[in-house]
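Asks: Everything below, folded, please.
(4 chains)
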There are 4 protein chains.
Amino acid sequence: MKVPDAKGVYVIAPTPFHADGRIDESSIDRMCDFFAKAGVDGMTVLGQLGEAPKMSHEESVGIVKRVMSRVKFPVVVGVSAPGFAAMRALTQDVMSLGASGVMIAPLNTLRTDDSIVQYYKQASDAIGADVPFVIQDYPLTFSVQMTPAVIRRIHTENASCWFLKHEDWPGLDKISQLKAWEKDGSMRKLPILVGNNALFLDFEMERGADGANTGYCFPDMLVDVVRLSREGRRDEAHDLFDAHLPLVRYEQQPGPGLAVRKYVLMRRGIIASDTLRKPGAQLSAVAKAEVDYLLSRVARRDPRAKL
Amino acid sequence: MKVPDAKGVYVIAPTPFHADGRIDESSIDRMCDFFAKAGVDGMTVLGQLGEAPKMSHEESVGIVKRVMSRVKFPVVVGVSAPGFAAMRALTQDVMSLGASGVMIAPLNTLRTDDSIVQYYKQASDAIGADVPFVIQDYPLTFSVQMTPAVIRRIHTENASCWFLKHEDWPGLDKISQLKAWEKDGSMRKLPILVGNNALFLDFEMERGADGANTGYCFPDMLVDVVRLSREGRRDEAHDLFDAHLPLVRYEQQPGPGLAVRKYVLMRRGIIASDTLRKPGAQLSAVAKAEVDYLLSRVARRDPRAKL
Amino acid sequence: MKVPDAKGVYVIAPTPFHADGRIDESSIDRMCDFFAKAGVDGMTVLGQLGEAPKMSHEESVGIVKRVMSRVKFPVVVGVSAPGFAAMRALTQDVMSLGASGVMIAPLNTLRTDDSIVQYYKQASDAIGADVPFVIQDYPLTFSVQMTPAVIRRIHTENASCWFLKHEDWPGLDKISQLKAWEKDGSMRKLPILVGNNALFLDFEMERGADGANTGYCFPDMLVDVVRLSREGRRDEAHDLFDAHLPLVRYEQQPGPGLAVRKYVLMRRGIIASDTLRKPGAQLSAVAKAEVDYLLSRVARRDPRAKL
Amino acid sequence: MKVPDAKGVYVIAPTPFHADGRIDESSIDRMCDFFAKAGVDGMTVLGQLGEAPKMSHEESVGIVKRVMSRVKFPVVVGVSAPGFAAMRALTQDVMSLGASGVMIAPLNTLRTDDSIVQYYKQASDAIGADVPFVIQDYPLTFSVQMTPAVIRRIHTENASCWFLKHEDWPGLDKISQLKAWEKDGSMRKLPILVGNNALFLDFEMERGADGANTGYCFPDMLVDVVRLSREGRRDEAHDLFDAHLPLVRYEQQPGPGLAVRKYVLMRRGIIASDTLRKPGAQLSAVAKAEVDYLLSRVARRDPRAKL
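Replies: From the prediction side, this is the model:
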């Protein structure tokens, strides 16, 4: 099989809820439209920060259906699950709805190199060898450490391996190593889109990353930084990135980070409520005031942050 | 609400598969009949060793349906899930089929006392405060350590807390502590049924446990040991237990243990195949020969093991 | 006993080595002088980023001796160890050399609230109830999660508890909670000095932190931000902090972070070599160029970074 | 270099303390004499169950000195440490006292295959390439999982790799794999001595293990089982092993296990006190009574247990 390329910004979408926790479909629509207007190249739904584990199967399928009816760019669906049966069931449903591929995180009990490689092989067997999949490499959350060699093995053993959502930390040298292998022909092309809330997007692009696969309440900034960096406008890329960095850092906090993201997206008028499902952090009044202050500071250098 | 009592043996049921991995309903029937004949007091399906995470929602419901149509004793259903929506969905389906309650393991990322207590509170809210639930305390598998005080808090804060599946290791003093609190009135009655493949069943009963909530390829032995122990026939209880201990220990190995259990249940004619779903260990020829040897040794002291 | 107060910047000192790994005493002297000139209020040696575990007992004592002969401000010594005998031995040696107190990290196997509290009680018993000690709360590195209530218990049960090195992440609300307890009298004064490479120093000060207890290659910036924040010059504090944030973030990476710190301190002429002992990350040429680029960008807003 | 062979029983020695926690040298002498009389082939001091982390450097050296003055068989010394400087310091001191080699456990933060292999390479560099070392493979305690391939790499890359203290669980197939490689010539001879409190000694010997490297309060039983197994007297080996298994299992509990071992050794008159240093579990009265009961049961089949 031939998997497509991937580059630019594949935005990680949050799942908008009403204040009572029900899925908010109007906000999904607005969010999709906003992403399109922001110039993203693709979109990932039902990732960790899409609160995927908090959705029932039916809800997950419903979200994908709604999204597919709204967008024209490729959609990746997170299908990580404790077992392959649930993973296969969701994959089949979303691929038949038109998703372009799925994202799979490793089980957080995997330890040895071989067990990680075998897990992706078995996962691919379970979902079907014709389904493009994304490797999610996020040790901070999943406690699984993949060396570049392990990633190369997974990519080489599975023709349906699509791209790498890279969010190791620190991870700059990992990108350099993988891209060196790509260049010297010891690994076929492996697109690398970076995550981890874009905390290192500036240098990750310079190390050879093909784009971003993350959230952040200003995905339009991500699009611009990726573009500037690819055009070689280094200082401009850093200037824009640095203007946002205080807020990027604040939003990158595990736990409250997603609440920050939803709060700003709400303030931007994109989603109607900043509700998270349980168990989920709520922003205190003082935290909201801190975010407001950060927004006002970002706005001095990027007018988009003037809310 | 008033939850029922629990004592004796609530056997942990494996999920029988055909050689190709499909669920084997005839074997489910035979297994249920066998458990009834063995004299168990209840049954837990879809636990860790029921390969619960490898089932899709539909399969899980199908298994419970089949079991409910076959047995008369109480059935507990494992509903542990990464999120509350899936947990609620499965709980609602199985309770409407007649299950007596559900078993909930803690998320393996929980660390502080408060976060564990809060998790059970939120889980109970999610499934409904009228659904009896079992606390699964299994640090070896879930990496979550609950002190006796944490268990007391969960039990006290949730009227629907039914019993404790105790499989901490070491855990004898935990039983003593909880039963002391029960006795001095600082905690309402909390039935304790022990797991961890019964490796310490002999002394756990003497410390005050109310029975067993575990598998093992001879659940009939568990029934007898629990009965002998409750009748105060200490030496007889230990004699029977010790006769099986070499095999109990062999079956308690994480990973291959379940393959051992299914292999012996197959040799006993209870299930048709010893297949595990992926990812699942397979017994090597040498391991099977070791089990056969152990069986022949157990048979010298317990004729049931003559296969 | 009456422990002293703590506020301002207690800088975390790296341990300077010669290129061959021997301890570089001249660089220790220069570093001490530099810290004094930068206006720090205290200094912590032999922390994690002082490569403490890589030193033998004799070397540790030698470092403290050299430092004590050079500085006038209070010195805290990291004495974390797998067991209490080594902890006590080092504590006795460094206290007799004039250290003001010691810093203790929890064993990374501690899980329950009670076990953490008990650990600090036993540690204090081991080193002597008259030795002021610092709690190091750094879950990212030690995998031990302390709730505010646990910290309050440790502080309350040990009169010799001196201050909290706070480097939980996210941790802003933890500071707010502890300071609220301090204010309402439910806990005696607990100075909070923040770590985690100062990634949130700006807001941590606003939440009530008493200062910083961290490294960073420009400790002089930490001193200024702490001062500005305490003087209520909020925008100025953030302006200075934000100017450094791209480099702060780069240096906060676990692993290469310390190599970055040493590299910049070497470029600043403070230490002679950026050598780390094994196992320790080395900066690649591309990483050094990235740091140089970041320095040039910081220098546009803070002339100290003009190297 | 040419490392010696290793086979039979290398007993793991506890460290005897007086009731006040001081090291009890007379008990060390008695214990050494007892081990010699029991027919052990070697001895390991300062392992985990020798409470190594609770000793200061001076105490560790003192223990080894005392032991070396008393025994004629090879002595291995545990030198595991958070850093290489302390590891090297202790290694130099004990090798100069006549130890035959050292035992090294992996740092419990190691995750990837390469990082484990590199750790042993760096450790060997640190202690000296002429010092025979033992790999301790104990995932239950150290959270580090070594595949057979990783062990082969360590053994192949380090001529001074002496033997494997195998205490993975489950671990039977690991022994089979390593011995198959030894047999087919793809790895030079790697003696395997098994640990984990001998819980699987019976079958581990049959899989090809060369002996035991563990404690247990009846090391004389270990010697006999190893001998019987090597002589091909399978049933006799299992009969003896099974007679002890209820107690072996009880003593294998992490935490209280060592207290059980010391309690029985005290009852056997080998050590004067069953004291553990803090933090260390103490046996409750009910636990002691359980051990006494187990001893009385073992004694029915092995007269040595008649105390």
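Asks: tell me the pLDDT at the closest residue to chain C within the stretch 1-150 of chain A?
Replies: Nearest to chain C, among the residues of the stretch 1-150 of chain A, is A:Leu140, at 8.5 Å (C-beta to the nearest C-beta). Backbone N, C-alpha and C define where each C-beta goes, glycine included. A:Leu140 carries a pLDDT value of 91.
Asks: helix, strand or coil for it?
Replies: Three-state assignment for A:Leu140 (DSSP: H, G, I helix; E, B strand; the rest coil): helix.
Asks: Does stretch A:256-271 reach chain B?
Replies: No - applying C-beta under 8 Å from any C-beta of the partner chain, one finds stretch A:256-271 separated from chain B by no less than 14.1 Å.
Asks: How far does that stretch sit from its chain's centre?
Replies: Relative to the mean C-alpha coordinate of its chain, stretch A:256-271 is positioned 16 Å out (C-alpha atoms, centre = their mean, to the nearest Å).
Asks: returning to what we had before: count of residues packed around the closest residue to the residue of the stretch 1-150 of chain A closest to chain C other than its chain neighbours?
Replies: Leaving aside its sequence neighbours, A:Leu140 sits nearest to A:Trp169 (C-beta to C-beta, 6 or more residues apart in numbering or on different chains; 5.8 Å). Using other C-beta atoms under 10 Å in any protein chain shown, the number of residues around A:Trp169 comes to 19.
Asks: gap between A:Trp169 and A:Leu190?
Replies: Noted for A:Trp169: a distance of 19 Å to A:Leu190, by C-beta to C-beta, to the nearest Å.
Asks: Just the angle for the lengthiest helix in chain A relative to helix C:234-251, thanks.
Replies: Longest helix in chain A by number of residues (criterion: DSSP state H): helix A:234-251. Going by axes from the mean of the first three to the mean of the last three C-alpha atoms, to 10 degrees, helix A:234-251 is angled at 100 degrees with respect to helix C:234-251.
Asks: and the closest residue to chain B within the stretch 201-307 of chain A, what does it touch?
Replies: Distances between the stretch 201-307 of chain A and chain B by C-beta to the nearest C-beta are smallest at A:Lys278, namely 5.2 Å. For A:Lys278, the contacting residues are A:21, A:54, B:84, B:122, B:125-126, by C-beta atoms under 8 Å, 6 or more residues apart in numbering or on different chains.
Asks: Of those, keep whichever come out buried.
Replies: Buried members of the contacts of A:Lys278, counted by 16 or more other C-beta atoms under 10 Å in any protein chain shown: A:21, A:54, B:84, B:126.
Asks: Among these, which one lies nearest to A:Val260?
Replies: A:Lys54 (18.0 Å; C-beta to C-beta).
Asks: Please look at the closest one and B:Phe84 and confirm they touch.
Replies: Yes - counting by C-beta atoms under 8 Å, A:Lys54 touches B:Phe84, with 6.4 Å between them.
Asks: Now for those two: what residues contact both?
Replies: Overlap of the contact sets of A:Lys54 and B:Phe84 (by C-beta under 8 Å, 6+ apart) consists of A:277-278.
Asks: returning to that earlier point: and the residue nearest to A:Leu140, what's its pLDDT?
Replies: Looking at A:Trp169, the pLDDT reads 93.
Asks: Next, find the distance separating it from C:Tyr250.
Replies: Counting by C-beta to C-beta - A:Trp169 and C:Tyr250 are separated by 12 Å.
Asks: worst-scoring helix or strand of chain A, pLDDT-wise?
Replies: helix A:139-142 (a mean of 92; mean pLDDT, DSSP states H and E).
Asks: Downstream of it, the next helix or strand is which one?
Replies: For helix A:139-142, the succeeding helix or strand toward the C-terminus, using DSSP states H and E, is helix A:148-157.
Asks: ok, how many other residues are close to A:Phe163?
Replies: Look at A:Phe163: counted by other C-beta under 10 Å, it has 28 neighbours.
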